[in-house]
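# Generate a structure from the sequence data that follows.
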Amino acid sequence: MPNPASDPSALCSRSRETTVPTLPADTTGTVVWHRDNLRIDDQPAVTAAAKADWLLPLFIFDPAFYGSDGLACDARLRFLHESLDDLDRCYRERTTTGLSYAVGDPTDVLERFRSAGWKVVAAASPSGRYGNRRDRRARAELDVRFVGGDGIVRHTDRTRREWQDRVETWFGADQFEWNPDSVRVVEFSTGLDPKDVERAYGVVPTKSQVPRGGVRPARARLRSFVDQIGDYPGNISSPVDAREGTSGLSASLAFGCLSVRQVYQYVDAHAPGGRGAEMFVSRLYWNRHYEQKLADWPGWTDSAVNPVLRGFNVDRRDPDLIDAWKRGRTGYPMVDASMRCLRQTGWLNFRMRALCASFYFHVLQQPWRVGADWYYHHLIDASASINYTQWQSQCGLVGRPTLRLYNPRKQVRDQDPDGAFVHEWVPELAALPSEYLDRPEHTPLSVQADCGLRIGEDYPRPVVDYDEAREEFRDRLDDVRAEAADALARPAVADRASLSGGRSAARSIARNHGTDAKQAASENGNQARLDAFGESEFRPE
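Take a look at the predicted model:
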């Protein structure tokens, strides 16, 4: 048999050759299929499975996420594996029996359990392209039951009706509980663990400053953050301040080491009142808002919400510009520092994510999905719901009449006035005085000489002219803006756009900014132009 330490196929073989536990006569058994939601408290699938006589907690290492074409970077895989180790510990402490592991196509693995009489449950959660296909197949072929209870409204045509009230009720409701003494927990003994998988697939993380995965580290971060939550409002915008001044819980929430409700209730019980707690809690509501968006319309990961804007920038695809953006070699220091930080650490604060997304789509004028997929691969806290809905919102693909366009020069002056962030991540500019960091190409030659720096050689000149590119993009978008506004009047488009005012808000946009309004303005000699290229947070609509 091949050595599983170096051969992924051997891991799959070991899973296939392991005998599925046999259920005793006249008893019931349920497999908890952990995909995310890597915890046992406030976990709806665990609570549902504990009603059976036998419970088997299972994680399946899916080869699609590994290897050179894998769906996640190695650092995110390491975070996952650490979270699984901690989940195994949680089960053993509560039941003396740990988490079971298998390797292979999830549907193939689960089919063996179904054939042996086991039922399968999993916590329902909106997912990305691959996960959505996987879950649909598991439901259709194996009757896997996906358990809700995560604050997302399902099984109704109008999920947004009274949504705020429903989510508020869910936040305050009792957490899911289960009694370990009422169910027997059993293992699927493949003898595999996350370290075997890392060795077989050559998982060697290179990112730095990555938080540790698992329930215990997440709880420690939550406690520490609540102690300083009053400083939260002043820390969110600067990329330097945000690293230590925000909660650091985004990856833990993405993997479900803590539920959003657990975080909410802890903050509610332990945080001092004030603006910091209010702002942070509002972000927890927005977390559910974005999850609801993806649950309502999985197309967020693939297609522009507004059909008029599908394909925008596709015909301008330039591999050299995309590569410069990815590598942090655009000649715009705040963009370059942010993109290098993303690649090296797997994290950026939201303002810098917004800056780089805006720069990519509005200034470089490149197709949005390439950029969104790059983020999704490298972010440790990658969440399909937040990543892709934010990208579409930031790029303006919903079709609202205003846009958020971040000025990369202004962001240097506002968010990194002393140059600490740029100097750290763009060492070529480490000797350059901070007053030149917004436009290094304008640095006098004498200053460059004093710094031992040659702009255009040691550090690139801007790959595009910012002002010209912005104006060009504005003109191109203005040509289709009215038609895009018209599209929002269609109920299907309005529903997936899920504006805060619902269909009525979408109809209002169509009425005030659509082709009829444009025609009327033109006839009055006052044709409307896109004039909302101001600064704004990277935040929900």
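# ok, the residue lying closest to residue 274 once chain neighbours are set aside to residue 272 distance?
Excluding its sequence neighbours, the residue lying closest to residue 274 (C-beta to C-beta, 6 or more residues apart in numbering) is residue 230, at 5.6 Å. Yep, even glycine has a C-beta here, placed from its N, CA and C like the rest. Note on residue 230: its distance to residue 272, by C-beta to C-beta, to the nearest Å, is 7 Å.
# ok, these two, which is more surrounded?
Counted by other C-beta atoms under 10 Å, residue 230 and residue 272 do not tie: residue 230 has more neighbours, with 15 against 10.
# By residue count, which strand of the chain is the longest?
Using DSSP state E, we find that the single longest strand of the chain is strand 54-61.
# what residues are up against residue 112?
Residue 112 makes contact with residue 20 under the criterion C-beta atoms under 8 Å, 6 or more residues apart in numbering.
# what's the helix or strand for it?
helix 106-115 (DSSP states H and E).
# roughly how far is that helix from the heart of the chain?
Here the centre of mass of C-alpha atoms in helix 106-115, compared against the chain's by C-alpha atoms, centre = their mean, to the nearest Å, lies 29 Å away.
# which one is the residue nearest in space to the middle of the chain nearest to, not counting chain neighbours?
Residue closest to the mean C-alpha point of the chain, counted by C-alpha atoms, centre = their mean, is residue 383 at 2.5 Å. The shortest distance from residue 383 to any residue that is not its chain neighbour, by C-beta to C-beta, 6+ apart, is 4.6 Å, and that residue is residue 254.
# Quick check: the one you found vs residue 384, distance?
The spacing between residue 254 and residue 384, counted by C-beta to C-beta, is 9 Å.
# more crowded one of these two?
Using other C-beta under 10 Å, the more surrounded residue of residue 254 and residue 384 is residue 384, with 24 against 21.
# and the more buried one, what does it touch?
Residues in contact with residue 384, defined by C-beta under 8 Å, 6+ apart, are 126-129, 131, 294, 300-301, 376.
# repeat that with 6 Å
Taking C-beta atoms under 6 Å, 6 or more residues apart in numbering, we find residue 384 in contact with 127-128, 301.
# could you measure it against residue 441, distance?
With the distance defined as C-beta to C-beta, residue 384 ends up 38 Å from residue 441.
# before we move on, what about residue 163?
Relative to residue 441, residue 163 is positioned 48 Å away (criterion: C-beta to C-beta).
# and these two? which has more neighbours close in?
Neighbours around residue 163 and residue 441, counted as other C-beta under 10 Å, are more numerous at residue 163. The numbers are 18 against 13.
# what about that one, distance to residue 279?
Distance check for residue 163 against residue 279: by C-beta to C-beta, it reads 21 Å.
# And for residue 216?
26 Å.
# Also residue 126?
Note on residue 126: its distance to residue 279, by C-beta to C-beta, is 25 Å.
# before we move on, what about residue 305?
Between residue 305 and residue 279 the distance, using C-beta to C-beta, works out to 27 Å.
# Likewise for residue 500?
Applying C-beta to C-beta, one obtains 18 Å for the distance of residue 500 from residue 279.
# Kindly report the same for residue 119.
According to C-beta to C-beta, residue 119 stands 42 Å off from residue 279.
# ok, the two, which is more surrounded?
A side-by-side neighbour count of residue 119 and residue 279, using other C-beta under 10 Å, places residue 119 first with 17 against 13.
# Find the nearest non-adjacent residue to the more buried one, please.
Taking C-beta to C-beta, 6+ apart as the measure, residue 119 lies nearest to residue 30, with 4.7 Å between them; neighbours along the chain are not counted.
# got a list of what that neighbour touches?
Residues in contact with residue 30, defined by C-beta under 6 Å, 6+ apart, are 49, 52, 55, 119, 121.
# give me the beta-bridge partners of the third one?
Note on residue 55: beta-bridge partners by DSSP bridges are residue 30, residue 185.
# Identify the residues contacting it.
By C-beta under 6 Å, 6+ apart, the contact set of residue 55 is 30, 49, 183, 185.
# Show the pLDDT at it.
Reading off the confidence values, residue 55 has pLDDT 98.
# again with the first one
Predicted confidence (pLDDT) for residue 49: 98.
# Roughly how far does the closest residue to it other than its chain neighbours sit from residue 447?
Counting by C-beta to C-beta, 6+ apart, residue 30 is the residue found nearest to residue 49 once chain neighbours are left out, at 3.9 Å. Applying C-beta to C-beta, the value for residue 30 to residue 447 is 69 Å.
# what's around residue 477, how many residues?
One way to gauge burial is a neighbour count; for residue 477, by other C-beta under 10 Å, it gives 16.
# What lies in contact with the helix or strand that contains it?
For residue 477, the element it lies in under DSSP H and E is helix 466-487. Judged by C-beta under 6 Å, 6+ apart, the contacts made with helix 466-487 from elsewhere in the structure are 306-309, 362-363, 365, 399, 493, 509-510, 513-515, 518, 530.
# from those, which ones fall inside strands?
Of the contacts of helix 466-487, none are assigned to strands by DSSP E.
# Pick the one among these closest to residue 325.
Compare each of the contacts of helix 466-487 with residue 325 using C-beta to C-beta and the shortest gap goes to residue 363, at 9.6 Å.
# Okay, strands next: where are they in the chain?
With DSSP E, the ranges of strands along the chain come out as 29-34, 54-61, 100-103, 119-123, 145-147, 184-185.
# For the stretch 151-300 of the chain, which segments count as helices?
Assigned by DSSP state H, counting those that start in this stretch, the helices in the stretch 151-300 of the chain fall at 163-172, 194-201, 215-227, 232-235, 239-245, 250-254, 260-270, 275-296.
# Could I get those helices in CSV, plus columns for mean pLDDT?
What follows is those, written out as CSV (pLDDT from 0 to 100):
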stretch, mean pLDDT
helix 163-172, 96
helix 194-201, 95
helix 215-227, 98
helix 232-235, 96
helix 239-245, 96
helix 250-254, 98
helix 260-270, 98
helix 275-296, 96
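# among the helices and strands of this structure, which has the poorest mean pLDDT?
For the chain, counting by mean pLDDT, DSSP states H and E, helix 515-523 ranks last in confidence among helices and strands (a mean of 82).
# May I see the buried residues of stretch 168-188?
Neighbour counts over stretch 168-188 (16 or more other C-beta atoms under 10 Å) mark 170-171, 176, 178, 180, 183-186, 188 as buried.
# Tell me the spacing between residue 16 and residue 112.
With distances taken as C-beta to C-beta, residue 16 is found 8 Å from residue 112.
# can you map out the helices along the stretch 351-500 of the chain?
368-378, 384-395, 408-415, 420-425, 445-451, 466-487, 491-497.
# Compile these into TSV and extend it with columns for distance to residue 70 and mean pLDDT.
Listed next are those as TSV, based on distance: least, C-beta to C-beta, whole Å; pLDDT from 0 to 100:
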stretch	distance to residue 70	mean pLDDT
helix 368-378	9	97
helix 384-395	16	96
helix 408-415	31	96
helix 420-425	25	98
helix 445-451	41	97
helix 466-487	34	96
helix 491-497	29	94
